[in-house]
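K.L.:
Quick one, what's the 3D model for this:
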Amino acid sequence: MSQLDWVVLAGALGLMVTYGVWRGGRSRDIRGFLLAGKEMHWGTVALSIMATQASAITFLSTPGQAYTDGMRFVQFYFGLPIAMVVLSITAVPLYYRLKVYTAYEFLEGRFDLKTRALTAFLFLIQRGLAAGLTIFAPALILSVILGWDMRVTILVIGGLVVIYTTSGGTRAVSKTQVVQATIILVGMVAAFVVLVGSLPADVSFLDALRVAGKAGRLNAIDTSFSLTNRYTLWSGLIGGAFLQLSYFGTDQSQVQRYLTGKSVAQSRLGLLFNGMAKVPMQFGILLLGATVFAFYQFAAPPIFFNPVQTENARSSADGGRFAALEQCYRDVVGVREQHARELVRAMKTGDPRAQAEAQRAFGAASAEAEAVRKEAIALMRANDRRADPSDTNYVFLSFVVRYLPAGLVGLVLAAVFAASMSASSAELNALASATVVDVYRRLLKPGAEERHYVVVSRLATVFWGAFAIAFAQQASRLGSLVEAVNILGSLFYGTILGIFLTGFYVHRVSGTSVFAAAIVAETAVIGCYLFTPISFLWYNVLGCLAVILIALVLEPWVGSTAARQEPSPA
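P.N.:
Sure thing, here's the model as predicted:
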């Protein structure tokens, strides 16, 4: 990176941390530290919700996902608008009426303490691990670009997040996310403009997209129904809706964002805005990745996008063979580029026969290039069994470093850091909330002074920051990060959503029945993950329905069949 890039990156990081500490202030009670005094406008709520979900994984891994697998990942978000409407009608007014700090307080009044504790425990484990992934993503950037030790880099990034989150609590998180969202928007738009401008003079943006479409990278909609195909219209609408209902309705990292709103109306507006904006935003990020793919049809990409593993292969005992494969790959992609230009010319003429012949030749050259690439990856794996065969997470990063001008590299990296810090800070803040409210204050030390709980909240933030950093050290072999974080969430979200939906709508089920049902359902979900090819989005449906149905079956045996009244908060 150039000196200007370093100035831009360092300035952006310094601005985010300083602004977070300044705007966070010093909260004297737990309401101020955990809920920002319930004084946020809907615009701040909306940006906070979106920034919490859109971590660095979104901007680092999603373009690579489109590069390797096309745009069908956008279907993952199709259930989001449905979930936002449902939650605005049901969960938001309920949480405000009960005046809760966390979503899990509701469960003790509706069921019992053990059900509340189990659900909070599932959240703490899942979100603690996810926080590790959001810290790992930007650490990956610095370690690759600068050659820094990954462990040191993770400590630096995690430490920056912990500083202002611990200092200012939820107010610092929400206020800082506004600045972070601005940096993200400017950085990604700048990258897209430069990418389009980098296309050959005789290849328009539309031409490039048409070539990407011929290569299957614009496959946004798949109407087939399959339990094993990860991304289809139906898995997105059904499985995605269940996942988003659980994430936004029961995950404290999101619930806490809209509980800071001044009123029910402000929180609803924040949720609904996110429901309208998220799908177009995700489509744009995937389109960026598809455009990177199109760009590399007219320019030579590296044989493998992870430069560290590529260099290791060059210096290995089979370095000569690997160098020969690299040369072969350059020759083949040169031929592919010629056929890509022929395909563009054929599409402009409108001659179907010429288009078919050009597409056949382009497809054959692409297949040959992929075969050489796979041989190179196999050689890397043969020399180092720990080598990750997936380079999805490095695709966009590689383009940024190689082709963006000085200054913009630092800006795009600042955008990725901003995304990571916004999501990580919200996660740590939510983990601290659940730890203090659902565990410490409820089970260990009830009735203490407000200042005591604020101190414990800060200590809990530091603890979960350390936990996330520790897990981040082990995250390097998880493949596509954007898929890994959603698979991780899907292992727990269905069960948690089932507990909440039973509490909301199935009044004759007691705590003991739903507690036992949750354990059985969670075991079944983990079993599906380990032993079946079922797509992870369907885990959310399975876990949710299993909790409800098993609880209904168990109730006559282990619980009371008496109708239950809606409770007061615990």
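
K.L.:
Residue 303: what's it in contact with?
P.N.:
By C-beta atoms under 8 Å, 6 or more residues apart in numbering, residue 303 lies in contact with 310, 325-326, 329, 372-373, 376. Using the backbone N, CA and C atoms, a C-beta is placed for each residue, glycine as well.

K.L.:
Which of those has the largest number of neighbours?
P.N.:
residue 329 (23 neighbours; other C-beta atoms under 10 Å).

K.L.:
That one: what's it in contact with?
P.N.:
303, 369, 372-373, 376.

K.L.:
go on, residue 546?
P.N.:
494-495, 498, 517, 520-521, 524-525.

K.L.:
pLDDT of the helix or strand in which it is found, averaged?
P.N.:
Residue 546 belongs to helix 537-558 when assigned by DSSP states H and E. Taken as a whole, helix 537-558 has a mean pLDDT of 90.

K.L.:
And stretch 203-216, by the same measure?
P.N.:
91.

K.L.:
what residues are up against residue 267?
P.N.:
Here residue 267 is in contact with 42, 45, 92, 96, 258-259, 261 (criterion: C-beta under 8 Å, 6+ apart).

K.L.:
gap between it and residue 149?
P.N.:
43 Å (C-beta to C-beta, to the nearest Å).

K.L.:
now do residue 523
P.N.:
From residue 523 over to residue 149 the distance is 39 Å, taken as C-beta to C-beta.

K.L.:
and what of residue 520?
P.N.:
Applying C-beta to C-beta to residue 520 and residue 149 gives a distance of 44 Å.

K.L.:
Looking at the two, which has the bigger crowd around it?
P.N.:
residue 520 (15 against 10).

K.L.:
In this structure that one contacts residue 550, no?
P.N.:
Yes. With contact defined as C-beta atoms under 8 Å, residue 520 reaches residue 550; the gap is 5.5 Å.

K.L.:
Pull the most distant pair out of the contacts of residue 267.
P.N.:
Farthest pair in the contacts of residue 267 (C-beta to C-beta) is 42 and 96. Separation: 14.0 Å.

K.L.:
which other helices and strands contact the longest helix seen in the chain?
P.N.:
In the chain, taking DSSP state H as the definition, the longest helix is helix 150-197. Helices and strands touching helix 150-197, as assessed by 3 or more C-beta pairs under 8 Å, 6 or more residues apart in numbering; DSSP states H and E, comprise helix 3-24, helix 30-35, helix 42-53, helix 113-146, helix 264-295, helix 395-403, helix 408-434, helix 450-472.

K.L.:
between the host helix or strand of residue 345 and helix 264-295, how many degrees?
P.N.:
In this structure, residue 345 sits in helix 319-349 according to DSSP H and E. Relative orientation of helix 319-349 and helix 264-295, computed by axes from the mean of the first three to the mean of the last three C-alpha atoms, to 10 degrees: 100 degrees.

K.L.:
tell me which residues in helix 319-349 are buried?
P.N.:
Neighbour-count burial for helix 319-349, counted by 16 or more other C-beta atoms under 10 Å, picks out 322, 325-326, 328-329, 332-333, 335-337, 339-344, 346-347.

K.L.:
How about stretch 191-201?
P.N.:
Across stretch 191-201, burial judged by 16+ other C-beta under 10 Å covers 191-192, 194-195, 199.

K.L.:
try stretch 92-112
P.N.:
92, 94-96, 98, 100-112.

K.L.:
for stretch 350-365, same thing?
P.N.:
By 16+ other C-beta under 10 Å, the buried positions in stretch 350-365 come out as 354-355, 358-359, 361-363, 365.

K.L.:
now do stretch 266-278
P.N.:
Taking 16+ other C-beta under 10 Å as the criterion, stretch 266-278 shows 266-275, 278 as buried.

K.L.:
can you check stretch 438-446 too?
P.N.:
438-442.

K.L.:
Looking at those, which are in helices?
P.N.:
In helices, defined here by DSSP H, there are no members of the buried residues of stretch 438-446.

K.L.:
for those, which one is nearest residue 222?
P.N.:
Relative to residue 222, and with distances defined as C-beta to C-beta, the nearest of those is residue 438, at 40.0 Å.

K.L.:
List the contacts of the closest one.
P.N.:
Residue 438 touches 102, 104-105, 116-117, 120, counting by C-beta under 8 Å, 6+ apart.

K.L.:
rewinding a little: could you dump the buried residues of stretch 191-201 into JSON lines with distance to residue 546 and pLDDT added?
P.N.:
Shown next, in JSON lines, are the buried residues of stretch 191-201 (distance: C-beta to C-beta, whole Å; pLDDT from 0 to 100):
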{"residue": "191", "distance to residue 546": "43", "pLDDT": "87"}
{"residue": "192", "distance to residue 546": "43", "pLDDT": "90"}
{"residue": "194", "distance to residue 546": "48", "pLDDT": "90"}
{"residue": "195", "distance to residue 546": "45", "pLDDT": "91"}
{"residue": "199", "distance to residue 546": "50", "pLDDT": "91"}
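
K.L.:
Just the closest of the residues you listed to residue 68, please.
P.N.:
Using C-beta to C-beta, residue 195 comes nearest to residue 68 of these, at 17.1 Å.

K.L.:
shouldn't the closest one be in contact with residue 294?
P.N.:
No. Counting by C-beta under 8 Å, residue 195 stays clear of residue 294, with 9.2 Å between them.

K.L.:
packing partners for the one helix or strand residue 371 maps to?
P.N.:
According to DSSP H and E, residue 371 maps onto helix 352-383. Applying 3+ C-beta pairs under 8 Å, 6+ apart, one finds that helix 352-383 makes contact with helix 205-214, helix 307-314, helix 319-349.

K.L.:
Residue 316 in helix, strand or coil?
P.N.:
Secondary structure assignment for residue 316 (DSSP: H, G, I helix; E, B strand; the rest coil): coil.

K.L.:
burial measure for it, as a count.
P.N.:
Neighbours of residue 316 (other C-beta under 10 Å): 16.

K.L.:
how near is it to residue 15?
P.N.:
Separation of residue 316 from residue 15 (C-beta to C-beta): 43 Å.

K.L.:
Tabulate the CA atom coordinates of stretch 402-414 in PDB.
P.N.:
What follows is stretch 402-414, C-alpha atoms only, in PDB (Å, rounded to 0.1, in the frame of the first residue of the first chain):
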ATOM      1  CA  ARG A 402      -3.800  -4.700  -7.700                       C
ATOM      2  CA  TYR A 403      -6.000  -2.300  -9.600                       C
ATOM      3  CA  LEU A 404      -7.300   0.500  -7.400                       C
ATOM      4  CA  PRO A 405      -5.300   3.800  -7.400                       C
ATOM      5  CA  ALA A 406      -3.500   5.100  -4.300                       C
ATOM      6  CA  GLY A 407      -5.900   6.500  -1.700                       C
ATOM      7  CA  LEU A 408      -8.800   4.400  -2.800                       C
ATOM      8  CA  VAL A 409      -7.100   1.200  -1.600                       C
ATOM      9  CA  GLY A 410      -7.000   2.700   1.900                       C
ATOM     10  CA  LEU A 411     -10.600   3.900   1.500                       C
ATOM     11  CA  VAL A 412     -12.000   0.500   0.600                       C
ATOM     12  CA  LEU A 413     -10.000  -1.200   3.300                       C
ATOM     13  CA  ALA A 414     -11.400   1.500   5.700                       C
END
